[in-house]
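Need coordinates for the following:
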Amino acid sequence: MDAGRVDTSTIAGVQMLRLVAALAVLVHHAEGIGYHLGRYRGVELARADVMLTGACGVDLFFAISGFIMVVSAQRLLGTQRPRLVFIQHRLARIVPLYWLMTAFTLGWGWRFGPPFDLATTVHALAFLPYAPDGMPALKTIPLVVAWTLYYEMLFYAIFAACLASTMPTTVRRVLIALTALVAAGAVFDLPQPFAFWTEPIIAEFAGGMVIALAYERGIVVKCWMRIALLAAAAALIFATDYAAIGTLNGWDRTLTWGVAGWLILSAVVLGPLRLPAMRLWSIGGAISYALYLVHMPLMNAVQFIWRHFRWSYGPWQELVFVVGTMAASILAALILHRAFERPITQHLKLWLNPAAR
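Residues are numbered from 1 along each chain as shown. Okay, the predicted model is just below:
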């Protein structure tokens, strides 16, 4: 986000939401992997339904992404080659760490199985859905959580193509494009990758963009209304049956968790917000992308070791697995962000756009 155009409380609020979204997904996956590790060891443990709802962190991420693109792209309006600069910055931000974690996953599969073929690898590195022989596209993604990045990259491409001289015009164009894609998916029985790209979940970016326009116009929502928005979001999240929604997509998810993401984002950015320890929230938001990418490989490696040595497993061991892998994921994300993600992103942005110096 462009700190020159956004007040510090909004930046802190968005960073807080990025961390919350990443932690929600982290909890969801830690519980799921811990539960299935127990089943592998012959133990059927009770599941914590509240942890299953952590999958809604993805929907919050999509709303945040729509908001950030509108606010951060403001500084590109009226400059030379804004579309190219926008894409360059997005690629520098997303690709290096994703390729690193995908390479780790591919190497793990080559050594311990299952190995991934060349076509799967190429599609994964290019963020392209791949469905050989009618296989679901989600099943062919080496780094499982990266399915969301496929949608993010689609959104960035549309946003860049629709970039206009004013942001309201840009948003209108993107909304039309997203609506057309979702409508095409609803009307036609499309093959992959088009079936993947036309799921209703892509509409969740739209809400974030509209909220950003409201923010740019100085719209402020009263405190009691923002509290009501948060309460409504909580009701949508916790009253929704995760099993009914499934991993993706469809209107059931967008009209519940997607709307909840919009409500949460609106409550945070459309009004003054005072957060204690703002620097900690800033750090947490900064490492959220690394945390999102690193936690699944780390958890899978730990459960592989647990299974290999046939360690005992029960409720207490599950707690140790869940808490331990979550803490290790946060530490790994902090190290990855500072040692790899941040320096290489800054270097690439300057290399791709020397004028940014």
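
Which strands or helices does the strand or helix carrying residue 225 pack on?
Assigned by DSSP states H and E, residue 225 falls within helix 223-238. Other elements packing on helix 223-238 under the criterion 3 or more C-beta pairs under 8 Å, 6 or more residues apart in numbering; DSSP states H and E are helix 259-269. All C-beta atoms are positioned from the backbone trio N, CA, C, and that covers glycine.

mean confidence for the helix it packs on?
Across helix 259-269, pLDDT averages out at 97.

and the longest helix anywhere in the chain, how far from the chain's centre?
Longest helix in the chain by number of residues (criterion: DSSP state H): helix 8-40. Distance, stretch centre to chain centre, for helix 8-40: 10 Å (C-alpha atoms, centre = their mean, to the nearest Å).

List the buried residues of that helix.
If you call a residue buried by 16 or more other C-beta atoms under 10 Å, then helix 8-40 has these buried ones: 9-35, 37-38.

Check which element follows that helix along the chain.
helix 49-52.

and that next one, how far from the chain's centre?
Distance, stretch centre to chain centre, for helix 49-52: 19 Å (C-alpha atoms, centre = their mean).

what does stretch 181-195 give?
For stretch 181-195, the distance to the chain centre is 22 Å (C-alpha atoms, centre = their mean).

Now that stretch: average pLDDT?
Mean predicted confidence for stretch 181-195 is 90.

With stretch 70-82 instead?
The pLDDT scores in stretch 70-82 average 89.

Endpoints of it, how far apart?
Stretch 70-82 has an end-to-end distance of 13 Å (C-alpha to C-alpha, to the nearest Å).

Flag every buried residue along it.
Buried positions in stretch 70-82, judged by neighbour count with 16+ other C-beta under 10 Å: 70, 71, 72, 73, 74, 76, 82.

ok, and what's touching that stretch?
Stretch 70-82 is touched from outside by 1-2, 4-6, 85-86, 159, 163, 165-167, 170-171, 208-209, 212-213, 215-216, with contacts defined as C-beta atoms under 8 Å, 6 or more residues apart in numbering.

ok, the residue lying closest to residue 48 once chain neighbours are set aside - contacts?
Leaving aside its chain neighbours, residue 48 sits nearest to residue 31 (6.0 Å; criterion: C-beta to C-beta, 6 or more residues apart in numbering). Residue 31 makes contacts with 47, 48, 51, 52, 54, 322, as judged by C-beta under 8 Å, 6+ apart.

ok, the residues you listed vs residue 257, which is closest?
Closest to residue 257 out of the contacts of residue 31 is residue 54 (10.7 Å), distances taken as C-beta to C-beta.

Return the residues in contact with the closest one.
23, 24, 25, 26, 27, 28, 29, 31.

rewinding a little: going by neighbour count, which of the contacts of stretch 70-82 are buried?
Buried, going by 16+ other C-beta under 10 Å: 1, 6, 85-86, 159, 163, 167, 170-171, 208-209, 212-213, 215, out of the contacts of stretch 70-82.

hmm, which two among these are most spread apart?
Spatial extent of the buried ones among the contacts of stretch 70-82 (C-beta to C-beta) is set by the pair 85 and 215 at 22.6 Å.

can you give me the helices in the stretch 101-250 of the chain?
Ranges of helices in the stretch 101-250 of the chain, per DSSP state H, counting those that start in this stretch, are 118-125, 147-162, 167-187, 194-197, 204-216, 223-238, 242-245.

can you tell me which of the ones you listed comes nearest to residue 256?
helix 223-238 (5.0 Å).

Show me which residues of that closest one are buried.
226, 229, 230, 233, 236, 237.

Output those in JSON lines, with distance to residue 60 and pLDDT appended to each entry.
Listed next are those as JSON lines, based on distance: C-beta to C-beta, whole Å; pLDDT from 0 to 100:
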{"residue": "226", "distance to residue 60": "16", "pLDDT": "95"}
{"residue": "229", "distance to residue 60": "13", "pLDDT": "97"}
{"residue": "230", "distance to residue 60": "12", "pLDDT": "96"}
{"residue": "233", "distance to residue 60": "9", "pLDDT": "97"}
{"residue": "236", "distance to residue 60": "12", "pLDDT": "92"}
{"residue": "237", "distance to residue 60": "9", "pLDDT": "91"}
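
Between which two of the residues you listed is the distance greatest?
Longest span within the buried residues of helix 223-238, C-beta to C-beta: 226 and 237, 16.6 Å.
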